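Trainee: quick one, fold the following:
(chains A and B)
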Amino acid sequence: AQTVTQSQPEMSVQEAETVTLSCTYDTSESDYYLFWYKQPPSRQMILVIRQEAYKQQNATENRFSVNFQKAAKSFSLKISDSQLGDAAMYFCAYRSPFAQGGSEKLVFGKGTKLTVNP
Amino acid sequence: GAGVSQSPRYKVAKRGQDVALRCDPISGHVSLFWYQQALGQGPEFLTYFQNEAQLDKSGLPSDRFFAERPEGSVSTLKIQRTQQEDSAVYLCASSLWGQDQPQHFGDGTRLSIL
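Mentor: Reported below is the predicted structural model:
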């Protein structure tokens, strides 16, 4: 079974600075999807960014980018120019390749709580 | 509505009671998921529907947990004879069918068992 590990329970960053959140995963599959979700105190899980394993180019969404190292099974999230609204729990998640009739479930890590200091 | 809607937002029940949690997915979303999120933890998968078919229920922790989606739209997660360890936030997510479709989550139902 696939597992996702987030080794940083908490991180903090100064407003306007850059922070990197770590994520490693374990899988024997060669093709899969990786995601970063943000969960503010309001609880709604919001998709931040996603990466397809067969794509070598790292995904970028505005201030958010990933460093995807397939061989190392590492998928870190970099947040540039941090804003107060970035404060939240961040979850890394894994999804297996799509298969007809199969499950599309996400496997989540335990999360990293990000604090942004003004 | 524009997003996934879950009700109730909060539910308090006494140990031994039955509860039902509702999820109204985004219109047109074929796939529907239930996750359980304990305090301070990441969500854990419970079950998955494609339309009305329950394709994966491997995450349901016991036979006290039951989910249905009879018409391929609204889904209900039922927990019978609740126990204290059932206290958690229950998240519902939906998505379009396809390889690269992201899951959209609701606000969740916080269940507290006294």
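
Trainee: what about B:Lys78, helix or strand, and which?
Mentor: strand B:75-79 (DSSP states H and E).

Trainee: just the buried residues of that strand, please?
Mentor: Across strand B:75-79, burial judged by 16 or more other C-beta atoms under 10 Å in any protein chain shown covers B:Ser75, B:Leu77, B:Ile79. C-betas here are computed from N, CA, C, even on glycine.

Trainee: which residues touch A:Leu84?
Mentor: A:Leu84 sits next to A:Glu15, A:Val116, A:Pro118 when contact means C-beta atoms under 8 Å, 6 or more residues apart in numbering or on different chains.

Trainee: just the strands in chain B please.
Mentor: In chain order, chain B shows strands spanning B:5-7, B:10-13, B:19-24, B:31-37, B:44-50, B:53-56, B:65-68, B:75-79, B:88-95, B:104-105, B:109-113, with DSSP state E as the criterion.

Trainee: take those and lay them out in CSV including mean pLDDT and distance to A:Thr112.
Mentor: Listed next are the strands of chain B as CSV, based on pLDDT from 0 to 100; distance: least, C-beta to C-beta, whole Å:
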stretch, mean pLDDT, distance to A:Thr112
strand B:5-7, 96, 25
strand B:10-13, 97, 26
strand B:19-24, 98, 27
strand B:31-37, 96, 15
strand B:44-50, 95, 17
strand B:53-56, 92, 27
strand B:65-68, 97, 29
strand B:75-79, 98, 28
strand B:88-95, 96, 18
strand B:104-105, 94, 18
strand B:109-113, 97, 22
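
Trainee: which of those strands sits closest to A:Lys105?
Mentor: strand B:44-50 (4.2 Å; C-beta to C-beta).

Trainee: residues making contact with the closest one?
Mentor: Everything outside strand B:44-50 that qualifies as a contact, by C-beta under 8 Å, 6+ apart, is A:101, A:103-108, B:30-38, B:54-61, B:65, B:67, B:69, B:72, B:75, B:77, B:90, B:97.

Trainee: list, one by one, the residues from chain A near chain B.
Mentor: Residues of chain A found near chain B (C-beta under 8 Å from any C-beta of the partner chain) are A:4, A:33, A:35, A:37, A:42-47, A:50, A:52, A:91, A:93, A:97-98, A:101-111.

Trainee: dump the residue contacts of the nearest residue to B:Cys92 once chain neighbours are set aside.
Mentor: Distances taken as C-beta to C-beta, 6 or more residues apart in numbering or on different chains place B:Cys23 nearest to B:Cys92, at 3.4 Å, with adjacent residues excluded. Counting by C-beta under 8 Å, 6+ apart, B:Cys23 makes contact with B:Val4, B:Ser5, B:Gln6, B:Leu32, B:Trp34, B:Val74, B:Ser75, B:Thr76, B:Leu77, B:Cys92, B:Ser94, B:Gly106.
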